[in-house]
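A.B. asks: quick one: sequence and predicted model below, then my questions.
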Amino acid sequence: MITEKLIMIKTVWTAYFSPTETTKKVVGHIAANIAKSMDKPVRQFDFTPSQERERPMIFQPEDLVIFGLPVYAGRVPNVLFKFLDAMEGNSALAVPIVLFGNRNYDDALIELCTIMENKCFHTIAAAAFIGEHSFSKVLAKGRPDDADLALATDFAEKVTGIIKEGKITAPVHVRGETPVRPYYQPRNQLGEPMEIRKVRSKVLDTCIGCGLCAKVCPMDSIDPDNVHNYVNICIKCGSCIKKCPAQARYYDDENYLYHRLDLEETYTRRAEPELFFGK
């Protein structure tokens, strides 16, 4: 149903979980373009660090929230469910964004849209963009790239137009299934399910002991006093590996390495962003 009303936006927010900063890049680009067109300030809620997830996100009716998450196995990361359930939309307008590593986003976007609508956001547009895969340095290498950001600029212009026109359709309809399907399951050469959830990265002798891996881990999983040790789960977000100045962290688990190679060899085509707007 389309409703017409005067929309008063006071603040454009970016809210995101982005261990390797690909989601941050897209969300920030979209928000900056909308804010510039509307002459509004931009505020940020980066809930990647664990301490930022100790307080709930609470928004106001005059807010526009560009909300971004990476896709984990085709879904919203399950480690964020408790935090997302505590947020309050209070009728703020929202644009859900997911980033996937060139395979597929499956039901992640429809899942995020549903979560936000249930928390009293009004979703007016949504999108799935591509970012370099957290497991790989070659799968969707360097993305989001200039072409992706050009589409993000166009997307921001259309979102701005929706707001200025004052015709809001909520919720936005996106690709995906409800109820959402199970998380994507890696399989071996025989087509049998593989279990890699408990796999953790290891440390080479080239480690310089800077402790950066412990600082950037969104789950506080790496012991800052001994980065060889884990004190919490590893979600394989790639942050510790991709941000290590000595390239000293790595995986050697056979199932993990097979899965990574299978993704790299299977999904060589360039996946393109998918954009959705209220009608």
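C.D. replies: Now that the structure is in, tell me what you want to look at.
A.B. asks: what helix or strand is the residue lying farthest from the centre of the chain located in?
C.D. replies: In the chain, counting by Cα atoms, centre = their mean, Asp205 sits farthest out from the average C-alpha position, at 32.1 Å. Using DSSP states H and E, Asp205 falls within no helix or strand.
A.B. asks: tell me where the longest helix sits in this protein.
C.D. replies: Secondary structure of the chain per DSSP state H: the longest helix is helix 146-165.
A.B. asks: just checking, what packs against the next helix or strand after that one?
C.D. replies: Counting by DSSP H and E, the next helix or strand C-terminal to helix 146-165 is strand 167-169. Packing partners of strand 167-169 (3 or more Cβ pairs under 8 Å, 6 or more residues apart in numbering; DSSP states H and E): strand 2-4. Yep, even glycine has a C-beta here, placed from its N, CA and C like the rest.
A.B. asks: and the next helix or strand past the strand it packs on?
C.D. replies: Assigned by DSSP H and E, the successor of strand 2-4 is strand 11-16.
A.B. asks: can you pull the pLDDT of the residue nearest to the residue farthest from the centre of the chain when sequence neighbours are not counted?
C.D. replies: Distances taken as Cβ to Cβ, 6 or more residues apart in numbering place Ala248 nearest to Asp205, at 7.9 Å, with adjacent residues excluded. At Ala248, the pLDDT value in this model is 98.
A.B. asks: over to the one 4 residues further on?
C.D. replies: The predicted local distance difference test score for Asp252 is 96.
A.B. asks: I'd like the distance from it to Leu64, if you could.
C.D. replies: Distance of Asp252 to Leu64, computed by Cβ to Cβ, to the nearest Å: 45 Å.
A.B. asks: compare these two and say which is more crowded by neighbours.
C.D. replies: Per other Cβ atoms under 10 Å, whichever of Asp252 and Leu64 has more neighbours is Leu64, with 26 against 9.
A.B. asks: wait, a strand at the more buried one?
C.D. replies: Yes. Leu64 forms part of a strand when assessed by DSSP: H, G, I helix; E, B strand; the rest coil.
A.B. asks: test of understanding: give the bridge partners of it.
C.D. replies: Going by DSSP bridges, Leu64 is paired in beta bridges with Val12, Leu93.
A.B. asks: was I right to think it contacts Ser91?
C.D. replies: No. Applying Cβ atoms under 8 Å, one finds Leu64 not in contact with Ser91, separated by 11.6 Å.
A.B. asks: how about the strands of this protein, start to end?
C.D. replies: 2-4, 11-16, 42-46, 63-70, 93-100, 122-123, 125-130, 167-169, 202-203, 249-250, 274-277 (DSSP state E).
A.B. asks: quick one: work out the angle between the fifth one and strand 11-16.
C.D. replies: What it means is strand 93-100. 30 degrees (axes from the mean of the first three to the mean of the last three Cα atoms, to 10 degrees).
A.B. asks: does anything pack onto strand 93-100? Which helices or strands?
C.D. replies: Using 3+ Cβ pairs under 8 Å, 6+ apart: strand 93-100 touches helix 22-38, strand 63-70, helix 108-118, strand 122-123, strand 125-130.
A.B. asks: show me how the chain divides into domains.
C.D. replies: Split into domains by automatic domain parsing, the chain comes to 2-181+272-277, 202-252.
A.B. asks: could those domains go into a markdown table alongside distance to Leu190?
C.D. replies: Shown next, in a markdown table, are the domains of the chain (distance: least, Cβ to Cβ, whole Å):
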| stretch | distance to Leu190 |
| --- | --- |
| domain 2-181+272-277 | 20 |
| domain 202-252 | 22 |
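A.B. asks: closest to Arg260 out of the ones you listed?
C.D. replies: domain 2-181+272-277 (4.7 Å; Cβ to Cβ).
A.B. asks: tell me the contacts of Leu93?
C.D. replies: Going by Cβ atoms under 8 Å, 6 or more residues apart in numbering, Leu93 touches Ile7, Ile9, Asp63, Leu64, Val65, Phe121, His122, Ile124, Ile163, Ile168.
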